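*Asks:* okay, predicted coordinates and the sequence, questions at the end:
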Amino acid sequence: MSFVPFFLQAAGATGAEAAPVGSTFGMLIPLVLVMLIMYFFMIRPQNKKQKETEAMIAALKKGDKVVTIGGIHGVVSSTKDSTVILKVEDGTKIEFNKSAVATVVVDKPAAASDAEEKPAKKSIFSFKPKAAAEEIKEPEAAESDSESEAQKDE
């Protein structure tokens with residue numbers, strides 16, 4: 001005598017009772033939450049970045065320093081509807097699609113960048129061995145200075 005059909009019949013009966021009609025709504029909530037998370041962490045930032053890139057390309061003008069997606073650095077010589085002509089060297093000009101421009105290089109004066117530079121935030125997770133070594137050397141240097149002064153006095 002086999003008990004397998006008995007267990008299968010019992011499992012089928014409990015399975016039907018365990019899945020009420022409202023369980024489909026309960027399974028739909030996590031799916032909606034996953035879609036919302038994907039929207040806010042993946043789709044929305046990508047759309048924002050694309051709009052910023054389109055605005056940068058639309059604002060290209062003569063004299064802007066740019067870098068193409070291929071890594072070519074140049075200065076905008078002139079612009080057309082869908083293309084831009086870059087002056088790469090003294091007499092060398094190359095025509096690119098505007099979509100090939102990756103970034104516009106902004107040169108800041110050295111004095112302004114030093115004034116705007118903020119001190120780095122300290123983290124408990126970052127360890128700088130060089131800074132730790134300097135802290136260890138400082139007391140030793142002070143001791144050696146006091147020893148050399150003591151030897152000069154003798």
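*Replies:* Done, it's in.
*Asks:* where in this structure is pLDDT low?
*Replies:* 1-22, 109-154 (pLDDT under 70).
*Asks:* for this structure, which strand extends over the most residues?
*Replies:* Scanning the chain for the longest strand, with DSSP state E as the assignment, gives strand 73-79.
*Asks:* for this structure, which segments are assigned as helices?
*Replies:* 4-18, 23-38, 44-58, 110-116, 129-153 (DSSP state H).
*Asks:* contacting residues around residue 107?
*Replies:* With contacts defined as C-beta atoms under 8 Å, 6 or more residues apart in numbering, the neighbours of residue 107 are residue 65. All C-beta spots, glycine's among them, are computed from the backbone N, C-alpha and C.
*Asks:* so how far is residue 65 from it?
*Replies:* Separation of residue 107 from residue 65 (C-beta to C-beta, to the nearest Å): 7 Å.
*Asks:* how close does residue 48 get to residue 41?
*Replies:* Distance from residue 48 to residue 41, by C-beta to C-beta: 12 Å.
*Asks:* residue 87 too?
*Replies:* Distance from residue 87 to residue 41, by C-beta to C-beta: 41 Å.
*Asks:* who's more crowded, the two?
*Replies:* Neighbour count, other C-beta atoms under 10 Å: between residue 87 and residue 41, residue 87 has more, with 16 against 10.
*Asks:* contacts only, for the nearest residue to the more buried one once chain neighbours are set aside.
*Replies:* In space, residue 87 comes closest to residue 77 once its chain neighbours are excluded; the distance is 4.4 Å by C-beta to C-beta, 6 or more residues apart in numbering. Contact analysis of residue 77 by C-beta under 8 Å, 6+ apart lists 62, 85-87, 93.
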